[in-house]
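Asks: Give me the fold of what follows.
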Amino acid sequence: MLRRSEAAFPADLENSHGDVTGLVCFHALHEANCDLEKARLRYRLAAHALRTIRERLDQALEQAYQQQSFGPLGNLFDEEETTLAVYEKASANVAEAEERWCMIRAALAYEKELMRAGPLSLKRLN
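Replies: Reported below is the predicted structural model:
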């Protein structure tokens, strides 16, 4: 589990009293956005690979049923299982990247709200 500073304010630092002392930089937001897009691309590729292997498996099952020969299907089932694991990992990576992106966006919105509220006290800056 992430600490509050890592989860809600990933680019911020906390002093010993728990006050937020840093600001979200746009580089971190851009990096999170790029990571999210890469994760989504890997997810789409994994989903396509899974659909492809399942189509092949369906065709092979139909052919095996017609021929009453189910021996050569083991490799396809293994390949489908491996592809499914890659797909599930890609799905989890998208969820993590989306969570990080959302947290950075929330931290940025919080900082904008603080800036609109007025200047920070010296205690908050130190």
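
Asks: Can you give me the pLDDT of residue 29?
Replies: Listed pLDDT for residue 29 reads 89.

Asks: Would you agree it is in contact with residue 104?
Replies: Yes: counting by C-beta atoms under 8 Å, residue 29 does reach residue 104; the two are 5.2 Å apart. Glycine gets a C-beta too; all of them are placed from N, C-alpha and C.

Asks: Between those two, tell me which one has more neighbours.
Replies: Set residue 29 next to residue 104 and count neighbours by other C-beta atoms under 10 Å: residue 104 wins out with 23 against 16.

Asks: Can I take it that that one is in a helix?
Replies: Yes: under DSSP: H, G, I helix; E, B strand; the rest coil, residue 104 falls within a helix.

Asks: how much space between it and residue 25?
Replies: In this view, residue 104 and residue 25 are 10 Å apart by C-beta to C-beta, to the nearest Å.

Asks: swap in residue 45?
Replies: For residue 45, the distance to residue 25 (C-beta to C-beta) stands at 30 Å.

Asks: pLDDT of stretch 107-122, averaged?
Replies: For stretch 107-122, the per-residue pLDDT averages 78.

Asks: In terms of pLDDT, where does residue 68 sit?
Replies: For residue 68, the pLDDT comes out at 84.

Asks: What number of residues are in the vicinity of it?
Replies: Applying other C-beta under 10 Å, we find 6 residues neighbouring residue 68.

Asks: Phi, psi for it please.
Replies: Main-chain dihedrals, residue 68, degrees, to the nearest 10: phi 50, psi 40.

Asks: Let the chain start at 35 from now.
Replies: Sure, I'll start numbering at 35, so the last one becomes residue 102.
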